[in-house]
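predicted model and sequence below, questions to follow.
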Amino acid sequence: MRAGSLGILVGSEKSIVPTGGNAAFPEGVVHTWWNAGDDPLEFGGRAIPAADLDRYLQAVFAVLNASASGRPSLFYIAHIALRHRRTQRFMKPPLAIQRIVFPLVLLVGYLLGKYRGGSWPGSPESCRGAPEVGAADLSASPLSANPSPEQ
C-alpha cells in the first residue's frame with residue numbers, strides 16, 4: 001500500500017490494510033476491495049496469471065466513473081461481464097441470473113445503440129492501456145486472476 005487504507009473482504013474475513021501493508025487474494029476465493037478511508041487510495045499489485053484483469057478493471061472503473069449517480073449502467077456492466085466471462089466474475093447478481101439476464105440486456109443495448117462506436121464507457125476500444133490477451137490465456141479457470149496488492 002502506497003497511500004490510504006484498503007478495505008478487503010476475502011471469503012468471510014474483513015480487514016483494513018493500512019499504508020505500507022500488504023494483502024493477498026487467494027485464487028478462487030471470492031473477494032472485494034474498496035477505499036476504506038477519506039484519502040485517495042494508491043496501491044500496486046500483481047495477479048498470477050494476470051489474464052485480462054487490467055482490461056477488466058479499466059472497463060469497470062470507466063463505467064463507474066461515467067455514472068453521475070454512482071451506480072453503474074446495467075448495459076455497460078452486462079457487456080463487461082459477458083466480455084470477460086472466462087476470466088472474471090461479478091458476484092452480484094448471482095451467476096445464474098447473470099447468465100439469463102445479461103445476454104438479454106446486451107441484446108436490448110445493441111438495439112438501442114448503446115454500443116455504437118468505441119467511446120462508450122468500458123468499451124473494448126477505450127481499454128487500450130492494458131496488454132492484449134491471446135486466446136490461450138483465456139483458458140484459465142474463471143476465478144484465477146485475482147489482484148494481490150503489494151507495497
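Looks like it arrived, so ask away.

quick one: low-confidence ranges for the protein?
Scanning the chain with the threshold set as pLDDT under 70 gives 129-151.

element containing the residue of it positioned farthest from its centre?
Distance from the centre of the chain peaks at residue 111, with 25.3 Å (C-alpha atoms, centre = their mean). Secondary structure assignment for residue 111, by DSSP states H and E: helix 95-112.

what is that helix packed up against?
Counting contacts by 3 or more C-beta pairs under 8 Å, 6 or more residues apart in numbering; DSSP states H and E, helix 95-112 is packed against helix 74-83. Every C-beta, even on glycine, is put in place using the N, C-alpha and C of the backbone.

pull out the buried residues from the helix it packs on.
By 16 or more other C-beta atoms under 10 Å, the buried positions in helix 74-83 come out as 74-81, 83.

which strands and helices lie in contact with that helix?
helix 53-66, helix 95-112.

could you list the domains of this protein?
Using automatic domain parsing, the domain ranges for the chain come out as 6-47, 53-132.

most tightly surrounded among those domains?
Mean neighbours per residue, mean count of other C-beta atoms under 10 Å, is largest over the domains of the chain for domain 53-132, with a mean of 16.

quick check: which of the helices and strands packed on helix 74-83 is nearest to residue 30?
For those, the distance to residue 30 is smallest for helix 95-112, at 11.3 Å, taking C-beta to C-beta.

any residues touching that closest one, and which ones?
If you take C-beta atoms under 8 Å, 6 or more residues apart in numbering as the criterion, helix 95-112 is touched by 74-75, 78-79, 81-82, 89-90, 93, 115.

need the CA coordinates for that helix. PDB is fine.
In PDB, the C-alpha atoms belonging to helix 95-112 read as follows (Å, rounded to 0.1, in the frame of the first residue of the first chain):
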ATOM      1  CA  LEU A  95     -24.300 -16.100 -11.700                       C
ATOM      2  CA  ALA A  96     -27.500 -17.900 -12.700                       C
ATOM      3  CA  ILE A  97     -29.300 -14.600 -13.100                       C
ATOM      4  CA  GLN A  98     -26.300 -13.000 -14.900                       C
ATOM      5  CA  ARG A  99     -26.400 -15.900 -17.400                       C
ATOM      6  CA  ILE A 100     -30.100 -15.300 -18.200                       C
ATOM      7  CA  VAL A 101     -30.400 -11.500 -17.800                       C
ATOM      8  CA  PHE A 102     -27.100 -10.100 -19.100                       C
ATOM      9  CA  PRO A 103     -27.500 -11.600 -22.700                       C
ATOM     10  CA  LEU A 104     -31.000 -10.000 -22.800                       C
ATOM     11  CA  VAL A 105     -29.600  -6.700 -21.600                       C
ATOM     12  CA  LEU A 106     -26.900  -6.900 -24.200                       C
ATOM     13  CA  LEU A 107     -29.400  -7.500 -26.900                       C
ATOM     14  CA  VAL A 108     -31.500  -4.600 -25.800                       C
ATOM     15  CA  GLY A 109     -28.400  -2.400 -25.600                       C
ATOM     16  CA  TYR A 110     -27.400  -3.200 -29.200                       C
ATOM     17  CA  LEU A 111     -31.000  -2.500 -30.300                       C
ATOM     18  CA  LEU A 112     -30.900   0.900 -28.500                       C
END
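
much appreciated, bye for now.
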